[in-house]
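Visitor: compute the structure for the input listed below.
(2 chains)
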Amino acid sequence: MNLQSKLAILADAAKYDASCASSGAAPRDSVGGRGIGSTEGMGICHSYAPDGRCISLLKVLLTNYCQYDCLYCVNRVTSNVPRARFSVAEVVALTLDFYRRNCIEGLFLSSGIIQSPDYTMEQVVEVARVLREEHDFRGYIHLKTIPDAAPELLQRAGRYADRLSINIELPTAQGLAALAPEKNGAAIDRSMARMAVHIREARAARDAQAAAPVASLPRARSTRRASAPPFAPGGQSTQMIVGADATDDRTILATSARLYGRHRLRRVYYSAFSPIPDAARALPLAAPPMVREHRLYQADWLMRFYGFAHEEIVPPGRDGQGGMLALAIDPKLAWALAHRERFPVDLNTAPRELLLRVPGLGVTAVDRLLAARRVRRIRHADLARLRVPLTKVLPFVEAADHRPGRALEAVDLAARLAPPPRQRGLFE
Amino acid sequence: MSRTVTLPHPTDWPGFRRAARALVQAGMAPGQVDWRVAGDAAGDLFGAGAEEGAAAALPALHPAPQVPAAFVRLCETLVLHRDPARFALMYRLLWRLAHEGALRRDPLDADRLQARRMARAVARDMHKMHAFVRFRPVADGDGQTLHVAWFEPDHFITEANAGFFVRRFTQMRWAILTPDASVRWDGEALHTGPGAQRADAPPPDAGEALWLTYYRHIFNPARLKLDMMRKEMPRRYWHNLPEATLISELAQGAPERSAHMVAAGATTPRRRIAAR
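Guide: Numbers count the residues shown, from 1 in each chain, chains lettered A, B, ... in the order given. As a prediction, this is how the structure comes out:
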């Protein structure tokens, strides 16, 4: 099989992984090196596919042969999709070629499980090793780790990679047992915990080293000591499939909060379950729940940047009803409408935590308002100049020359703030 | 009394800075100063450089303006904006910083917001250039490979942005050609040159086909979301992105492909495990 066909099959096999982030790596460049590559902290999206997803990394599988039978997965052993396998040298050459063309920030490598978890993980790590050691590649590397692989392999992976990830796949242990019989939720959790420890230790070692003074002899050429070995400086992330089982949004957000809290994950990705070629009989295929996925990301943001606790965002369900995020309006607006007694918020006196709860005010807008009100009173015109969505913000705030009056109590407020349903063309 | 200052080139931050300081010290209000760039239609009438010298020779009636370091950094970005009014805005802000004490603490001031918006447009353009420059390899005379790209930025960012490519591709030899300027890295030093034309850059090479294959297959037809794609990768960049030629074909075929996946019955599973 030629390289074109392999690439086609192994990119097809990788596209259901939502993550393509290339951020969080320690700044480095290729000045003084033998190879190419740099990272400057902020990730770069080099292209966008028509599905609106960023293309930052060459995202491929080393092979899509797999022993596992995860029902939601296009590469499960019982699927009849065409199979292929890259050699280590082929992935290395593709990565370097795309990188030289400035098409990518680096590589995101994953693999189906062949022979054994250890063997598979060794092959994945070998690609990263060759890129780093033989080609002195200084771009971004994200490796998907295999939870059942030996801890030493995980440790080696962390030495070469900027980011590591293990997919939790489904938000509940029951879901995982039902849909991914060979995967072990406890093993996934153990691996995440182990990675979290390595990441924390490597960071602590770097910080300690940066703080320690360096003693040097007079006229010594350099006073820099070798830096502490890094371990996945970009942290770890994971992905949950949404809509393949019946889990509600409240439970999904609780799982995310646990992952952020316990394992210090950088990101949890939500992937709307999407029709795949040659799907399993057991799963209903329908258009992917994209709006739900979008609302989950917004709720995730509320937890990470807006001070919301996960259990506040969605009211608990009862008798199998509820427990879901509203689809018509964003979760912050939904929360505000359900808690009108907390509003209006006075822009000139309210603390930051309360300003962050106002629908339509983002973190940047809030910080500008806080800075401006130290020198003068905030007025209606200031909001207009900040270009925040006024119809959304005004009912919930007071300013020097603005009071929402009865707008907040109006029963039709929710209807007026929900965007009108939009007829979408097929080829928009 | 009014003054016209003609700067020798569109991104002349040091020249602007010298002239602006002298004008503030001479008490010239923003409405009295007209800013031009040599080579612009209006600028030519007055002759390059002379006015800048004239501004420097003004009597210093007031102390030199003191500005926060952040304002200097903001101006270094603003000067790269293509809007001819950028110099007037920068001078107005400098004047106001010298005369209005509260301005530096009010992030919602209209002039400051406008300046920040323009600086953000420049920063975004620089970021998009990091992302959307596409190199194509060509063999040069010495049998070595030169990577060449053609790019059309919105603002005057080419030279200011070259450092990123130097740090990333230090061991390569490359050139980026744009309508305003060109930059070339020979592995040791950066050379800047005049603007170029699209025809000066190389056509697609055979190796580019692999990248197109990747783009075609990483797309999930069940998730078509063209407005999201266009928001981050606006149409004006498409004609210099090789993969953009696939967009309309992929988008048109997507509904049928995903409907087919949903409608297709499950097949009889065969277990196939790699022998190796």
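
Visitor: contacts only, for the residue of chain A found nearest chain B.
Guide: Scanning chain A for the residue nearest chain B gives residue A:52, at 2.9 Å (criterion: CB to the nearest CB). Any C-beta I mention is one placed from the backbone N, CA and C, and that applies to glycine too. Residues in contact with residue A:52 (CB atoms under 8 Å, 6 or more residues apart in numbering or on different chains) are B:223, B:225, B:226, B:227, B:228, B:229, B:232.

Visitor: residue A:287: what secondary structure?
Guide: Three-state assignment for residue A:287 (DSSP: H, G, I helix; E, B strand; the rest coil): coil.

Visitor: kindly apply the preceding question to residue A:233 instead.
Guide: Assigned with three-state DSSP, residue A:233 falls in the coil class.

Visitor: hang on, isn't it packed against residue A:162?
Guide: Yes: the criterion here is CB atoms under 8 Å, and residue A:233 meets it with residue A:162 at 6.0 Å.

Visitor: so what sits against both of those two?
Guide: Both residue A:233 and residue A:162 are contacted by A:24, A:25, A:26, under the criterion CB under 8 Å, 6+ apart.

Visitor: among those, which are in reach of chain B?
Guide: Under the cut-off given by CB under 8 Å from any CB of the partner chain, chain B has nothing from the shared contacts of residue A:233 and residue A:162 close to it.

Visitor: who wins for most neighbours among the residues you listed?
Guide: When neighbours are taken as other CB atoms under 10 Å in any protein chain shown, the top entry among these is residue A:25 (27 neighbours).

Visitor: which residues does that one contact?
Guide: Residue A:25 makes contact with A:39, A:41, A:140, A:162, A:163, A:233, A:234 under the criterion CB under 8 Å, 6+ apart.

Visitor: need phi/psi at the closest residue to residue B:3 other than its chain neighbours.
Guide: Excluding the flanking residues, the one nearest residue B:3 by CB to CB, 6 or more residues apart in numbering or on different chains is residue B:33, at 5.3 Å. For residue B:33, the backbone dihedrals (degrees, to the nearest 10) come out as phi -120, psi 130.

Visitor: ok, now residue B:150?
Guide: In terms of degrees, to the nearest 10, the main-chain angles of residue B:150 are phi -110, psi 130.

Visitor: try the one 4 residues further on
Guide: Listed backbone geometry of residue B:154 is phi -80, psi -30, with angles given as degrees, to the nearest 10.

Visitor: one step back: wait, the residue nearest to residue B:3 sits on residue B:5?
Guide: Yes: here residue B:33 lies in contact with residue B:5, judged by CB under 8 Å, at a distance of 6.5 Å.

Visitor: so what sits against both of the two?
Guide: Taking CB under 8 Å, 6+ apart as the criterion, residue B:33 and residue B:5 both touch residue B:23.

Visitor: between the two, which one's more packed in?
Guide: More crowded of residue B:33 and residue B:5, by other CB under 10 Å: residue B:5, with 28 against 21.

Visitor: would you map the strands across the stretch 151-300 of chain A?
Guide: Applying DSSP state E, counting those that start in this stretch to the stretch 151-300 of chain A gives strands spanning A:163-165, A:236-242, A:267-272.

Visitor: give me the contact list for the first one.
Guide: By CB under 8 Å, 6+ apart, the residues outside strand A:163-165 that reach it are A:19, A:21, A:24-25, A:140-145, A:154, A:157-158, A:195, A:232, A:234-239, A:266.

Visitor: what subset of those residues is buried?
Guide: A:19, A:21, A:24-25, A:140-145, A:154, A:157-158, A:195, A:232, A:234-239, A:266 (16 or more other CB atoms under 10 Å in any protein chain shown).

Visitor: tell me which element the closest residue to the residue of chain A closest to chain B other than its chain neighbours is part of?
Guide: Nearest non-adjacent residue to residue A:52, counting by CB to CB, 6+ apart: residue B:228, 2.9 Å away. Of the helices and strands defined by DSSP states H and E, residue B:228 is found in helix B:226-232.

Visitor: can you dump the C-alpha atoms of that helix in CSV for me?
Guide: Only the C-alpha atoms of helix B:226-232 are listed here, as CSV (Å, rounded to 0.1, in the frame of the first residue of the first chain):
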residue,chain,number,x,y,z
LEU,B,226,-18.9,26.1,7.4
ASP,B,227,-19.6,29.3,9.2
MET,B,228,-17.3,28.3,12.0
MET,B,229,-14.5,27.5,9.5
ARG,B,230,-15.0,30.9,7.7
LYS,B,231,-14.9,32.7,11.0
GLU,B,232,-11.4,31.4,11.8
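
Visitor: then the following helix or strand past it to PDB, C-alphas only?
Guide: Following helix B:226-232 in sequence order, the next helix or strand is helix B:247-263 (DSSP H and E). This file holds the C-alpha atoms of helix B:247-263, laid out as PDB (Å, rounded to 0.1, in the frame of the first residue of the first chain):
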ATOM      1  CA  ILE B 247     -13.500  23.100   0.500                       C
ATOM      2  CA  SER B 248     -16.400  23.400  -1.900                       C
ATOM      3  CA  GLU B 249     -16.200  19.800  -3.000                       C
ATOM      4  CA  LEU B 250     -16.000  18.500   0.500                       C
ATOM      5  CA  ALA B 251     -18.800  20.700   1.700                       C
ATOM      6  CA  GLN B 252     -21.100  19.800  -1.200                       C
ATOM      7  CA  GLY B 253     -20.600  16.100  -0.700                       C
ATOM      8  CA  ALA B 254     -21.000  16.100   3.000                       C
ATOM      9  CA  PRO B 255     -24.800  15.800   3.500                       C
ATOM     10  CA  GLU B 256     -25.000  12.900   1.100                       C
ATOM     11  CA  ARG B 257     -22.000  11.100   2.800                       C
ATOM     12  CA  SER B 258     -23.400  11.500   6.300                       C
ATOM     13  CA  ALA B 259     -26.900  10.500   5.200                       C
ATOM     14  CA  HIS B 260     -25.400   7.400   3.600                       C
ATOM     15  CA  MET B 261     -23.600   6.500   6.900                       C
ATOM     16  CA  VAL B 262     -26.800   6.800   8.800                       C
ATOM     17  CA  ALA B 263     -28.800   4.800   6.300                       C
END
